[in-house]
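>>> Model the structure of this input:
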Amino acid sequence: MPIQGKVAKILQNDEIVINRGRLDSVKPGMTFEIFAEGGEEVWDPDTGETLGTVEEIKAHAEVTEVKDRLAVARLRMNQQSPMGVMNLGDMQEQLQKMFGQMFGDDVRVQGFGAGQNDDDDDLESMLGGPLKDLSKIQVGDVVREVNVRRKSSGF
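Here you go, the predicted model:
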């Protein structure tokens, strides 16, 4: 059975703290995958019924330090994601470049809440609140051990 826990803290230098440690059998060198809790619901195109949920892996992390009740792990970002590791700021910058080329440099892509005038119509106000960047690792994201080694049954 793989060890599962949550991101308890995000440290500098691309490291996270996992809420599982030596008492939970975590060891240095173990690899964990990180994903948002709940996943994305998938619907059957023929019947319209839900088929269940799938998890989008945000990153992998390798354990570098273990204490009794926590582990520190270094992140390895998931390059398989359709957007890679692009966050909202990067997306806004790319949109600004595209719109500038198409419509001229006077066109401005509204920001996502950073210093914006409350009267401006930006994406956050249109959607009714702050946007959460789902591509970034966040406290509370689920971590699950990968490459689980099974004990030999002796056969």
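>>> Can you tell me what sits against the strand ranked longest in the chain?
Of all the segments of type strand in the chain, defined by DSSP state E, the longest one is strand 57-66. For strand 57-66, the surrounding residues in contact (CB atoms under 8 Å, 6 or more residues apart in numbering) are 15-16, 18, 21-22, 26-36, 71-78, 80-81, 85, 135-137, 141, 143, 146. (C-beta placed from N, C-alpha, C; glycine too.)
>>> rerun that using 6 Å as the cut-off
Strand 57-66 is touched from outside by 16, 21-22, 26, 28, 30-35, 71-78, 137, with contacts defined as CB atoms under 6 Å, 6 or more residues apart in numbering.
>>> and that strand, which residues are buried?
By 16 or more other CB atoms under 10 Å, the buried positions in strand 57-66 come out as 58-61, 63, 66.
>>> Farthest pair within those residues?
K58 and V66 (22.0 Å; CB to CB).
>>> residues of the next helix-or-strand element following the longest strand of the chain that come out buried?
On the C-terminal side of strand 57-66, the nearest following helix or strand under DSSP states H and E is strand 71-77. Taking 16+ other CB under 10 Å as the neighbour-count basis, strand 71-77 is seen to contain the buried residues 71-73, 75, 77.
>>> want to try a markdown table for these, with pLDDT and distance to V42 as columns?
Shown next, in a markdown table, are those (pLDDT from 0 to 100; distance: CB to CB, whole Å):
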| residue | pLDDT | distance to V42 |
| --- | --- | --- |
| A71 | 98 | 32 |
| V72 | 97 | 34 |
| A73 | 97 | 29 |
| L75 | 92 | 27 |
| M77 | 61 | 24 |
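>>> ok, so of those residues, who is nearest K9?
V72 (9.2 Å).
>>> what sits against that closest one?
With contacts defined as CB under 6 Å, 6+ apart, the neighbours of V72 are 15, 17, 64-65.
>>> of the residues you listed, closest to D44?
D44 lies nearest to V17 out of the contacts of V72, by CB to CB, at 39.0 Å.
>>> How about the contacts made by that closest one?
Listed by CB under 6 Å, 6+ apart, the contact partners of V17 are 8-9, 70, 72.
>>> just to revisit the earlier point, closest to L51 among the buried residues of strand 71-77?
For the buried residues of strand 71-77, the nearest to L51 is M77 (28.2 Å; CB to CB).
>>> Poorly predicted segments of the chain, please.
Within the chain, the stretches with pLDDT under 70 are 77-94, 107-135, 148-155.
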